[in-house]
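*Asks:* task: produce atomic coordinates for the following.
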Amino acid sequence: MGLLDSVLGSVLAGQNQQGGGLGGLGEVLGGMLGGQQQPQQPQGGTGGLNMGLVAALAPILMNMLANNSSQGGLGGLLDKFTQAGAGDAAGSWVGSGANQPVSPDQVTQALGPDVISQIAAQLGIGHQQAAGGVAAVLPELIDKLTPHGQAPQGGLGSTDDIVGMLGRMLQR
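*Replies:* So this is what the prediction gives:
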């Protein structure tokens, strides 16, 4: 995975230097790599996140956020959450305030049951677990990719661009 490994490694290094002040996604990814922080619980009573699930979800979600994705990139995903009635929550992920949570059911409604089923099949997990993982990870991922409280006008670029952006941001 190369670039993703570098990003994940920088999360752990940043936590060691900054005393763990990276927040949700950094804690989740850092925990996956052996850090002491525990991940946030997904909404909707799905229980704790498996760190392997987070590792498997990260590249899938980065692909969905890429400009050339079938989901329409960042803008397309935000539009889907708005159309599903979760626009305020999705807007909070981009904005500079606290991230509002979404439930696994809201994720399924926004992305569609077929997309969640594809993610579940790709990861070899159940539909609800996949939706819960997306609900827990996607808000933090979008938040980290929009550090100035707004989406980049040209989108986030390719998956490689997204991994590079995360690596730079998480090293700060």
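*Asks:* could you pull out the helices for this structure?
*Replies:* Ranges of helices in the chain, per DSSP state H, are 3-18, 24-32, 51-65, 73-83, 87-94, 104-111, 113-123, 127-145, 159-171.
*Asks:* in TSV, list the ones you listed along with distance to A151 and mean neighbour count.
*Replies:* C-beta: built from backbone N, CA, C; applies to glycine. Putting the helices of the chain into TSV (distance: least, CB to CB, whole Å; neighbours: other CB atoms under 10 Å) gives the following:
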stretch	distance to A151	mean neighbour count
helix 3-18	20	17
helix 24-32	17	24
helix 51-65	10	19
helix 73-83	5	19
helix 87-94	5	19
helix 104-111	17	22
helix 113-123	21	16
helix 127-145	8	24
helix 159-171	12	19
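*Asks:* rebuild these as a markdown table, extending it with distance to Q153 and mean pLDDT.
*Replies:* Formatted as a markdown table, the entries for the helices of the chain read as follows, by distance: least, CB to CB, whole Å; pLDDT from 0 to 100:
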| stretch | distance to Q153 | mean pLDDT |
| --- | --- | --- |
| helix 3-18 | 24 | 43 |
| helix 24-32 | 23 | 47 |
| helix 51-65 | 15 | 86 |
| helix 73-83 | 10 | 94 |
| helix 87-94 | 13 | 94 |
| helix 104-111 | 23 | 97 |
| helix 113-123 | 26 | 96 |
| helix 127-145 | 14 | 92 |
| helix 159-171 | 14 | 74 |
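*Asks:* now distance to P152 too, for those helices, in a markdown table please.
*Replies:* Shown next, in a markdown table, are the helices of the chain (distance: least, CB to CB, whole Å):
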| stretch | distance to P152 |
| --- | --- |
| helix 3-18 | 18 |
| helix 24-32 | 18 |
| helix 51-65 | 11 |
| helix 73-83 | 8 |
| helix 87-94 | 10 |
| helix 104-111 | 21 |
| helix 113-123 | 23 |
| helix 127-145 | 9 |
| helix 159-171 | 9 |
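*Asks:* ok, the nearest residue to A56 once chain neighbours are set aside - contacts?
*Replies:* In space, and not counting its chain neighbours, A56 is closest to L123: 5.0 Å by CB to CB, 6 or more residues apart in numbering. Going by CB atoms under 8 Å, 6 or more residues apart in numbering, L123 touches 53, 56-57, 60, 130.
*Asks:* so how far is L65 from L123?
*Replies:* 17 Å (CB to CB, to the nearest Å).
*Asks:* likewise V163?
*Replies:* 11 Å.
*Asks:* what does stretch 65-75 rub up against?
*Replies:* With CB under 8 Å, 6+ apart as the criterion, stretch 65-75 contacts 63-64, 76-77, 79-80, 111, 115, 141-142, 145-146, 151-152, 154-159, 161-162.
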